[in-house]
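Novice: kindly return the folded structure for what I paste below:
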Amino acid sequence: MIFTKHSNAFRWIIIIASFAIVSLILWKTFEFFQHFKDEERNKMENWSFAQTEFVNSDTNTNLNLTLQILNSNTTTPMIVIDKEGNLSSSNNIDTTKIGNPKYLKRLIDKFKSENSPIDIKYQGKTYSTIYYGNSPLLNKLKYYPLALILIVVLFGAVIFFFYSSNKNATQNKLWSGMAKETAHQIGTPLSSLIGWTELLKTENVNPDYISEMEKDVSRLSTIAERFSKIGSLPTLEKTDIIKETIESYDYLKSRSSKLIDFDIKTPKGEIPVNLNKQLYSWTIENLVKNAIDAMKGRGKLTVEISQLENDVKVSITDTGKGISKKNFNKIFEPGFTTKKRGWGLGLSLTKRIIEDFHDGKIKVLQSEKGKGSTIQVSLKRAN
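Specialist: Numbering: from 1, shown residues only. Alright, predicted model coming up:
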């Protein structure tokens, strides 16, 4: 209970703590890198002292320690350039390329960018210069922070996708639960209304009144059935999409403002598509009602069905206020609405019906502010 109440605060604490830990690791890695670099610097300075001692020693001097220091460098790449600019010696360098003056020049520039050169002096005069680069271990260590950041990013991505998937699964359960409960709640008074309608038929009541009541009862039955089906995985049947679209279109046309110019364009013949009739008619109703709202009850509304190879397109075009491009995808999100009064659920339900239940696609095909919009549904033709 406490975690649920303060979940946002806990989330930020975890994010800040993770950022602090990663920053500390990166800082310590940088410190270790610099310490290792300083150690290599000291090693190369000792090598330069040993070189000076070796060059200026007489034959009677015991050079065991000096030679041991000179031979101790087995990892750090280095070259020694004399005061005339010629190569004096090299260590841990590809000997097949070192004779190329251009390669040697590039190598010197590279080593200078990595470490400051060390002059070998005797009696205050420089007789050669050591250029050295980073050891293989130091080069590997240099990329360790990048690898760490990449691991953290990948780990964060995994957590995000897990959280997103879990959230979507929770939302789907909520959708299903609410839909089933709505169907259940409608079912009880609906049964009573059916009983009262049958009772009124035995009384001296105008048949026209009873007929209108039966239409409303039938409408409520359809709504309850829709919610029942969206709350579970609906069954699909091979259906003529033209016939189903026309039926939904005619129903809305007869109950809409006379100031709207309705038009429907369909190919000749039948186009079979695997549909759930109740949910598909709900889709058409949602899209048409949305178009009517966008036109504020006045304008032209066109429903067009077309076929391209195995795809069937159903387009609903209005002459309403239009949709800004940044909202093309947002309008299908639950809760998004531009109306003063509205829940923002109609188009999100439509998207769920088309994409989750019918394996189709829905999108804003085109829209222009002040001129209208076209929303297109794409479905696969049944074999």
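Novice: can you pull out the helices in the stretch 1-150 of the chain?
Specialist: Remark: helices assigned in the stretch 1-150 of the chain by DSSP state H, counting those that start in this stretch are 2-5, 7-55, 64-70, 101-114, 136-142, 144-201.
Novice: how many neighbours does Gly269 have?
Specialist: Residues lying near Gly269 (other Cβ atoms under 10 Å) number 8. Placement of C-beta: from N, CA and C, glycine included.
Novice: go on, the one 5 residues further on?
Specialist: Asn274 has 18 neighbours, counted by other Cβ under 10 Å.
Novice: related to what we said a few turns ago, can I get the helices of the stretch 1-150 of the chain in TSV including distance to Lys289?
Specialist: Below are the helices of the stretch 1-150 of the chain laid out as TSV (distance: least, Cβ to Cβ, whole Å):
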stretch	distance to Lys289
helix 2-5	37
helix 7-55	36
helix 64-70	88
helix 101-114	68
helix 136-142	62
helix 144-201	18
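Novice: as a markdown table, the ones you listed with mean pLDDT, distance to Ser228 and mean neighbour count would be great.
Specialist: A markdown table is the format used below for these (pLDDT from 0 to 100; distance: least, Cβ to Cβ, whole Å; neighbours: other Cβ atoms under 10 Å):
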| stretch | mean pLDDT | distance to Ser228 | mean neighbour count |
| --- | --- | --- | --- |
| helix 2-5 | 47 | 31 | 8 |
| helix 7-55 | 77 | 33 | 13 |
| helix 64-70 | 67 | 87 | 13 |
| helix 101-114 | 87 | 72 | 14 |
| helix 136-142 | 77 | 62 | 13 |
| helix 144-201 | 73 | 4 | 12 |
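Novice: so what's Glu368 up against?
Specialist: Contacts here follow Cβ atoms under 8 Å, 6 or more residues apart in numbering; on that basis Glu368 touches Gly322.
Novice: give me the domain ranges for this protein.
Specialist: If you go by automatic domain parsing, the domain ranges for the chain are 2-142, 164-228, 236-380.
Novice: between those domains, which gets nearest to Val153?
Specialist: Nearest to Val153, of all these, is domain 2-142, at 10.2 Å by Cβ to Cβ.
Novice: how far does the closest one sit from the chain's center?
Specialist: Relative to its chain's centre, domain 2-142 lies at 43 Å (Cα atoms, centre = their mean, to the nearest Å).
Novice: wasn't Val364 part of a strand?
Specialist: Yes. Counting by DSSP: H, G, I helix; E, B strand; the rest coil, Val364 is found in a strand.
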